[in-house]
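*Asks:* everything below, folded, please.
(one chain, ligands or ions: 2)
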Amino acid sequence: STFYERYHSLDDIYHWINKTRQDNPDTVEAILIGSSYEKRPLYALKLSLNNSMNKKAMWIDCGIHAREWIAPAFCLWFVQYALSFYKLNQEITDIMDNMDVYILPVMNPDGYHYTWATNRMWRKNRSVSKSSKCIGVDLNRNFDANWCTEGASHEPCTEIYCGAFPESEPESQAVANFLRSHKDSVQLYLSMHSYSQMLLFPYSCTLDEAENHNDLLEMVQEAAQLIRRHYRNIYKYGSGSKTIYLAPGGSDDWAYNLGIKYSFTFELQDRGRYGFLLPPSHISRACNEALIAVKTIALKVIKKT
Ligand code: 0X9
Ligand code: ZN
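*Replies:* Ligands and ions are numbered 1, 2, ... in the order given. Reported below is the predicted structural model:
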C-alpha cells in the first residue's frame, strides 16, 4: 500500500508536513497557527496553486476528535491529490484556480498522539482541568455557538465536556483566531470527522434553520447523490441538529455565525461495522468518496460567489 493508504503517527505527519512544504516550495506554505495544550505546533498548510491575488479560500480541518483516524488520513490524501492532479483533473484545477486551500491535518495533536500511545478510543484534547481529575475538553463543544447548552456538558469527566468557557482550549482558539483574521477570504469551511457517513451543515446548536438552509441542503444532496452513483454508498445529509443531535459549541456553527456561509461537517466511513477502527484497506475508498463531496460543494460555492 502507498503512504496515503496507511494511518500515520503524529511524528510521521509532522515529517510529511515538512517534506510536502519542501518539495513544493512555490505552492505549499506551512503556517503555524498556534500550539496545543501540551505545546505541540498546529501547522496549517496553505495550497496556492495559481498565484493570482485576491483569491478566495476554503478551509479544511481534520482530527478535532482524536480517535477518528480517517479524518487526518483524508487531509493528507487531499493535499496529495490536489498537488498531483492540478492541470490533470478538471474539477480540482477549477477549484485551485479560484481558491486557496488551508488544511489543518491534525487539529487535536495531543489527543491523536494519545490514541497512538495509550488509548485508541480517546476523543477529547488532553488539557488538565482545575476542578476535576478527569482530562480533556471536547474541542467540538468548545466554540462560541450556544456554548454548553443542551448537547454538551459542564462535567469534565464526560466525552462532551465543553470546557471552562468558550475557546478555553488553545486548539479551538488557534482555529478561531485564524478564521477571524481570514474571514474576508474564506468562503467555505469543512470539518472532517467519523464515523456514520453524513454530510452536515448548521445548525447543530439549535433547531432553527440557517438563513441559506435550502442552498446548503441542495449542495449536500447533490454530493450524496454523486457518492451513491459512483460508489453505491449511502450518505445521509441535512442540518446537524435534525440529522444527528443537538450539539452546541461546534466549529461549523461558529464559523457559520462568523460569516462563512458555506460551512459543513463530514462524517466519513463507515456506518458502524468498524466504526473508528476503519481498516487501512478502506482508506482509499473513504477518501475518494469524501473527495467527490468536497469537489461538488467547492465548485458550487465558486459558482455562487
Ligand atoms: O458530535 C460531534 O461533534 C460530531 N459527531 S462525532 O461523532 N464525530 O463526534 C458532529 C458535529 C456536528 N456539528 C456540530 N455539532 N456543530
Ligand atoms: Zn468527531
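*Asks:* give me the residue at the spatial middle of the protein.
*Replies:* The central residue of the chain, meaning the one whose C-alpha is nearest the mean C-alpha position (C-alpha atoms, centre = their mean), is Ser191 at 2.3 Å.
*Asks:* okay, and that one sits in which element?
*Replies:* Taking DSSP states H and E as the criterion, the element that holds Ser191 is strand 186-194.
*Asks:* relative to that strand, what are the paired strands and their orientations?
*Replies:* Partners of strand 186-194 in the sheet, by DSSP bridges, are strand 56-62 (parallel), strand 262-268 (parallel).
*Asks:* okay if I get these as a markdown table plus mean neighbour count?
*Replies:* No exception for glycine: its C-beta is placed from N, CA and C like everyone else's. Rendered in a markdown table, the data for those read as follows (neighbours: other C-beta atoms under 10 Å):
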| stretch | mean neighbour count |
| --- | --- |
| strand 56-62 | 24 |
| strand 262-268 | 25 |
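*Asks:* how about the residue lying closest to the residue nearest to the centre of the chain once chain neighbours are set aside, what does it touch?
*Replies:* In this structure, Ser191 finds its nearest non-sequential neighbour in Thr265, 4.7 Å apart by C-beta to C-beta, 6 or more residues apart in numbering. Residues in contact with Thr265, defined by C-beta atoms under 8 Å, 6 or more residues apart in numbering, are 190-193, 198, 200-201, 204, 240, 250-252.
*Asks:* one step back: show me what counts as buried in the strand holding Ser191.
*Replies:* With burial defined by 16 or more other C-beta atoms under 10 Å, the residues of strand 186-194 counted as buried are 186-194.
*Asks:* which secondary structure elements does the helix or strand that comes right after that strand contact?
*Replies:* Heading C-terminal from strand 186-194, the first helix or strand you meet, by DSSP H and E, is strand 198-201. Under the contact definition 3 or more C-beta pairs under 8 Å, 6 or more residues apart in numbering; DSSP states H and E, strand 198-201 sits against helix 213-231, strand 236-239, helix 240-243, helix 251-258, strand 262-268.
*Asks:* for the helix or strand harbouring Pro72, the averaged confidence score.
*Replies:* For Pro72, the enclosing helix or strand under DSSP H and E is helix 70-85. Helix 70-85 shows a mean pLDDT of 98 in the predicted model.
*Asks:* what is the subsequent helix or strand relative to that helix?
*Replies:* Proceeding C-terminally, helix 70-85 gives way to helix 90-98 as the next helix or strand, assigned by DSSP H and E.
*Asks:* give the buried residues for that following helix.
*Replies:* Buried residues in helix 90-98, defined by neighbour count with 16+ other C-beta under 10 Å: 92-93, 95-96, 98.
*Asks:* run a quick neighbour tally on the residue in the stretch 201-305 of the chain that ligand 1 sits nearest to.
*Replies:* Scanning the stretch 201-305 of the chain for proximity to ligand 1 using C-beta to the nearest ligand atom identifies Gly250 as nearest, at 2.0 Å. Burial of Gly250 is recorded as 30 neighbouring residues (other C-beta atoms under 10 Å).
*Asks:* wait, it sits on Asn140?
*Replies:* Yes: under the contact definition of C-beta atoms under 8 Å, Gly250 touches Asn140, with a separation of 5.0 Å.
*Asks:* pull up the overlap in contacts between these two.
*Replies:* Between them, Gly250 and Asn140 share these contacting residues under C-beta under 8 Å, 6+ apart: Ser191.
*Asks:* contacting residues for Asp61?
*Replies:* If a contact means C-beta under 8 Å, 6+ apart, then Asp61 has 75, 103-104, 107, 175, 190-192, 251 as its contacts.
*Asks:* out of those residues, who's nearest Phe3?
*Replies:* Cys75 (13.3 Å; C-beta to C-beta).
*Asks:* so that closest one sits against Glu68, correct?
*Replies:* No: the criterion here is C-beta under 8 Å, and Cys75 misses it with Glu68 at 11.5 Å.
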